[in-house]
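Trainee: okay, predicted coordinates and the sequence, questions at the end:
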There are 2 protein chains.
Amino acid sequence: MRLHARVARVRAEDKRLELDSGEQLPFDHLVFATGAVPRSLKVPGEDLPGIFHLRNLTDALRIKNFLAEGKCKRALLVGAGFVSLEMCEAFRRLGLSTTLVHRGELPMGRLDEEFGKKILAELGKNEVKFIPKATVENFESKSGGGILVETSNGPLETELVLLGVGVLPEVSLAAEAGISLGPTGAIAVDDHMRTNLDFIYSAGDCCESYHRISGKPVHYPLGDIANKQGRVAGANIGGQNLIFPGIVGSNCFKVFDLEVASTGLTEREAKEAGFDATSVTIRGVSKPHGYPGAQKLWLGMVADKDSGRLLGAQGVGGDGVVSRINILAAVLTAGLSIQELAYLDLAYAPPFSGSWDPIHIAAQQLLK
Amino acid sequence: MRLHARVARVRAEDKRLELDSGEQLPFDHLVFATGAVPRSLKVPGEDLPGIFHLRNLTDALRIKNFLAEGKCKRALLVGAGFVSLEMCEAFRRLGLSTTLVHRGELPMGRLDEEFGKKILAELGKNEVKFIPKATVENFESKSGGGILVETSNGPLETELVLLGVGVLPEVSLAAEAGISLGPTGAIAVDDHMRTNLDFIYSAGDCCESYHRISGKPVHYPLGDIANKQGRVAGANIGGQNLIFPGIVGSNCFKVFDLEVASTGLTEREAKEAGFDATSVTIRGVSKPHGYPGAQKLWLGMVADKDSGRLLGAQGVGGDGVVSRINILAAVLTAGLSIQELAYLDLAYAPPFSGSWDPIHIAAQQLLK
C-alpha cells in the first residue's frame, strides 16, 4: 500500500502506473475507483472559509469543526438535492437559521411536482426558508465576519454555506489513459465492470451503470451501487465470471419526518425513453385508517400503455414509503405488469398496512 | 337484502336459494362467501361461559364485555398461531396474567425452529407463560367462579380462555348443493373464482387459493386474499374477465415488539413440494449498525438448487421485517433468482438500511 501517493498517469499500453514521485508500479489489472467530485458553481469566492461541500468524511469533520467554533448562527444551502435536504435537517437540529437557495421551483426537481410540493411543505414546517428560482452569483467575506451571498434574487448573509449542486465523475486520469467515457461523461463499463481495455475495470461513482428500464447508461453516484459494482469488479479480476445486471434507479432519503423514495422512471423520463407512458398518484395511508401511528402517504406509479408493465414509482409520506418503493423496485426488476401488481400477494396485518395496500390501490387505479 | 335470514339449502339445478322461512330466492349467479368457523378442540366444557373464540367483531365484543365485568385476572390461550399471539399482547396490556398452552414445542410451528425460538423469547420477555407439548382435555366451571382447565400437563386455573386453534372453511351448504371441495376441504375454484358450476362462484375463507410456488391449492383464510378474491368474483359476475393469479403465501403479524413475517415455502414445505431446496438464515440489522433505532433482525431464505429461484422467506425482528418479506413476495411472484436478488437495486439510505441490505446478504450467502 502507498499512502499519500498520487498517480501522475496511467500507462495502459505498458500496464504501469506512474506516481508523482516518479515511481512506476506495474499491474496486471487496474480498477478506476476514483469516485466523483463536487460540482462547482463557478462563481467568485466559492473557496472562502465557511463555504463547504459534503462529499466525504473529511468534509463532514471540517463542517463539524467550523460549527464547533460557535460563531455560526445561520446556514445557507445551495441546491435542493438529497444532500442539501438531509443537511437542512442537521442544521435545524443544531438550531441554525437555515435558508435553501435553489435554481428550480421545487426541491428534488426530478420528481413530479406534487412530490416536490410535499417536500417544500416539510421544509416550511421545519422553518427552513426556501428561495426558489434563484442562482448564486458571488460570495464575499464580510469585514466583521460572515459571508455575503449575492443571488439573482438579492443579497443574503450567512456564516456557513453548503454547496450541494451535485457531483461529477472523476475521470481525468482514466481519460488521459485512453479509457472510453460514456454519454454521461462517466467511465463506460460493460456488465463485468470492464472498461474498453479488458484488463482495466471501473467501479463506483466514476463510472456508469446500465439502467434496466430505460436501457441506457446512466451516472447514478450512490453508495449501494458503488458497493455492488466493486464486488463484481473484484470477483471478476479474481477469476470469477460475475455480471452486474444494472440498476432500476432506486433511491431514498429522509427529510425531517418525511420519507422520500423513487425507483425507475418518472413519467417525463419514460416518455423521453420512448415509452407510451401513463401515470397515477394516489393518497394512501401507511397503516389502516385509525390504527395508531397511521400516516398519510402519496404514491405515484408510471406504466407502459403497450405492455402494461410498471416503469417507475415515487412516494412521499410520514411512514412506509421506502418499504413500498422497494417492493416496486423488485417488481420493476422483474418486469411485472400493473395487472400483477393489482393483486400482488403482500403480507397483510393492520400494524403494517391495510388489506388493500397503497400499491394495490394505485395499480387498480392505473387499470381503470 | 334479507337480514336475519338463513339459507336452508341451495338448489343449484333450479338456480334457487331456499331460506329457513321457506321463501325461495331465484338467482343467475351465486357466490359462496360463507367464510370459516373456528376449529373446535372437541373436549368437554368447551362452551362454558368465559371460553371464547376470536373470529369476528361479535366475538371481540363478547370478550371485551366479559373483561369489562372486572372479574378476570388471568387469561389462558390455547394454540400458538397468530391470533393467539396477538391476543397475548392484548391481554398483557390489560394486565392479565397470561398463559399459552400449545400442543407443539414452539409458537408458529410452521416456521423454522430458530424463528419460533425468537417468538418464544419475546413471549417470555413480556411475562407470557408458555406451556409446550400440552393438550387440553377438559374444561370445568369452578364453584367459586373461574374455569378449571385439565391439560396433559396438569390442571390450570383461569377466568378467561381463548381458543385459537385455527379455522375450518364453512362449506356445508356448498357441499350439499353439489359444489366440489378441493383437497384442503375448502371449496375448489378456478382462476376466475368459479366453482365446478360456472354460475356459482366462491371467495374468501371458505374457498381455496392457488399457491404459485408449490403449484397446489391451499386454504389460507386471510383477509387480504378474501378481499382480492371477492373483487375478482364480483367483476367476473359483472361481465368482466378477471383472473385471480393466486398467492405466494405472504403473511405477517406483530407480537409485542416483534415483527414476524413469511412468504412462499419453508424449506420443509419446499421439499414436500418436490423441490431440491436449500436455505440460509442470517442475522442482520434493520438499519446500519450505530444508526439510531437500528434493530436486530433474522432473515431466512429458501432457494431451489436446480433453477436458483427463491422459494420462500421468513423473518423476525424488531423492525424492518415485514418490509423485507414484502420485497421477497414480489421476487417470488416474479420468479427471480437468488443471483438477481444478490444485486437487487433497493433504495438505500442509512435511516432505512445498510448499503448491503439483509436481503443482499442472505442472497450472497446462498450463492456460496
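Mentor: Here it is on my side, so go on.
Trainee: can you give me the helices for the stretch 151-300 of chain A?
Mentor: Taking DSSP state H, counting those that start in this stretch, the helices of the stretch 151-300 of chain A run over residues A:172-176, A:223-237, A:267-272.
Trainee: got it, and the stretch 1-150 of chain A?
Mentor: Along the stretch 1-150 of chain A, the stretches classed as helices by DSSP H, counting those that start in this stretch are A:57-68, A:82-93, A:113-125.
Trainee: tell me the most buried of the ones you listed?
Mentor: Among the helices of the stretch 1-150 of chain A, ranked by average contacts under mean count of other CB atoms under 10 Å in any protein chain shown, first place goes to helix A:82-93 (a mean of 20). Every residue, glycine included, has its C-beta placed from N, CA and C.
Trainee: so which of the helices of the stretch 151-300 of chain A gets nearest residue A:358?
Mentor: Smallest distance to residue A:358 across these (CB to CB): 18.2 Å, for helix A:267-272.
Trainee: distance between the closest one and the chain's centre?
Mentor: 18 Å (CA atoms, centre = their mean, to the nearest Å).
Trainee: give me the contacts around it.
Mentor: Identification of contacts with helix A:267-272 by CB atoms under 8 Å, 6 or more residues apart in numbering or on different chains yields A:112, A:213-214, A:277-279, A:302, A:304, A:311-312.
Trainee: do stretch A:283-291 as well
Mentor: A:293-299, A:317-321, A:350-355, A:357-358, A:361-362.
Trainee: same thing with stretch A:65-78?
Mentor: Outside of stretch A:65-78, the residues within contact range by CB under 8 Å, 6+ apart are A:41, A:50, A:52, A:84, A:87-88, A:91, A:94, A:96-102, A:136, A:145-147, A:149, A:156-165.
Trainee: possible to save the helices of the stretch 1-150 of chain A as TSV with mean pLDDT?
Mentor: TSV is the format used below for these (pLDDT from 0 to 100):
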stretch	mean pLDDT
helix A:57-68	96
helix A:82-93	96
helix A:113-125	97
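Trainee: closest to residue A:236 out of those helices?
Mentor: Closest to residue A:236 of the helices of the stretch 1-150 of chain A is helix A:57-68 (CB to CB; 28.6 Å).
Trainee: chain B: which of the contacts of helix A:267-272 is nearest?
Mentor: Nearest to chain B out of those is residue A:213 (CB to the nearest CB; 10.2 Å).
Trainee: who does the closest residue to that closest one other than its chain neighbours form a beta bridge with?
Mentor: Nearest residue to residue A:213, sequence neighbours excluded (CB to CB, 6 or more residues apart in numbering or on different chains): residue A:264, at 5.0 Å. Assessed by DSSP bridges, residue A:264 has beta-bridge partners residue A:312.
Trainee: any idea how far residue B:21 is from the nearest residue to residue A:162 once chain neighbours are set aside?
Mentor: Spatial nearest neighbour of residue A:162, excluding adjacent residues (CB to CB, 6+ apart): residue A:77 at 4.8 Å. Distance, residue A:77 to residue B:21, by CB to CB, to the nearest Å: 74 Å.
Trainee: again with residue A:168
Mentor: For residue A:168, the distance to residue B:21 - CB to CB - is 80 Å.
Trainee: higher neighbour count, the two?
Mentor: residue A:168 (16 against 11; other CB atoms under 10 Å in any protein chain shown).
Trainee: pretty sure that one contacts residue A:185?
Mentor: Yes - contact criterion CB atoms under 8 Å: residue A:168 and residue A:185 qualify, at 7.1 Å.
Trainee: which residues touch residue A:120?
Mentor: Residue A:120 makes contact with A:106-107, A:130 under the criterion CB under 8 Å, 6+ apart.
Trainee: over to residue A:222?
Mentor: A:251, B:348.
Trainee: from residue A:260, how far off is it?
Mentor: Taking CB to CB, one finds residue A:222 at 14 Å from residue A:260.
Trainee: equivalent analysis for residue A:130, please.
Mentor: For residue A:130, the distance to residue A:260 (CB to CB) stands at 15 Å.
Trainee: which of these two has more neighbours?
Mentor: Higher neighbour count among residue A:130 and residue A:260: residue A:260, with 28 against 20, using other CB under 10 Å.
Trainee: what's near enough to touch residue A:358?
Mentor: Residue A:358 neighbours (CB under 8 Å, 6+ apart): A:282, A:284-285, A:297, A:299, A:320, A:324.
Trainee: residue A:173: which of those residues is nearest?
Mentor: residue A:324 (41.1 Å).
Trainee: can you report how many residues neighbour that closest one?
Mentor: Neighbourhood size, residue A:324 [other CB under 10 Å]: 28.
Trainee: please give me every residue in contact with it.
Mentor: For residue A:324, the contact set (CB under 8 Å, 6+ apart) comprises A:261, A:297, A:299, A:313, A:315, A:357-359.
Trainee: please redo it, this time with the cut-off set to 10 Å
Mentor: A:259, A:261, A:263, A:284, A:286, A:297, A:299, A:313, A:315, A:317, A:346, A:353, A:357-359, A:362, B:323, B:326-327 (CB atoms under 10 Å, 6 or more residues apart in numbering or on different chains).
Trainee: thought residue A:39 was touching residue A:163?
Mentor: Yes - counting by CB atoms under 10 Å, residue A:39 sits close enough to residue A:163 to count as a contact (8.1 Å).
Trainee: out of the two, which sits in the busier spot?
Mentor: More crowded of residue A:39 and residue A:163, by other CB under 10 Å: residue A:163, with 23 against 14.
Trainee: any idea what the more buried one is bridged to?
Mentor: Beta-bridge partners for residue A:163, by DSSP bridges, are residue A:78.
Trainee: per-residue pLDDT of it, please?
Mentor: Here the pLDDT value assigned to residue A:163 is 98.
Trainee: over to residue A:149?
Mentor: 98.
Trainee: OK, contacts around the closest residue to it other than its chain neighbours?
Mentor: Sequence neighbours aside, residue A:156 is the residue nearest to residue A:149 in space, at 4.5 Å (criterion: CB to CB, 6+ apart). Taking CB under 10 Å, 6+ apart, we find residue A:156 in contact with A:74, A:76, A:99, A:101, A:129, A:131, A:134, A:136, A:147-150.
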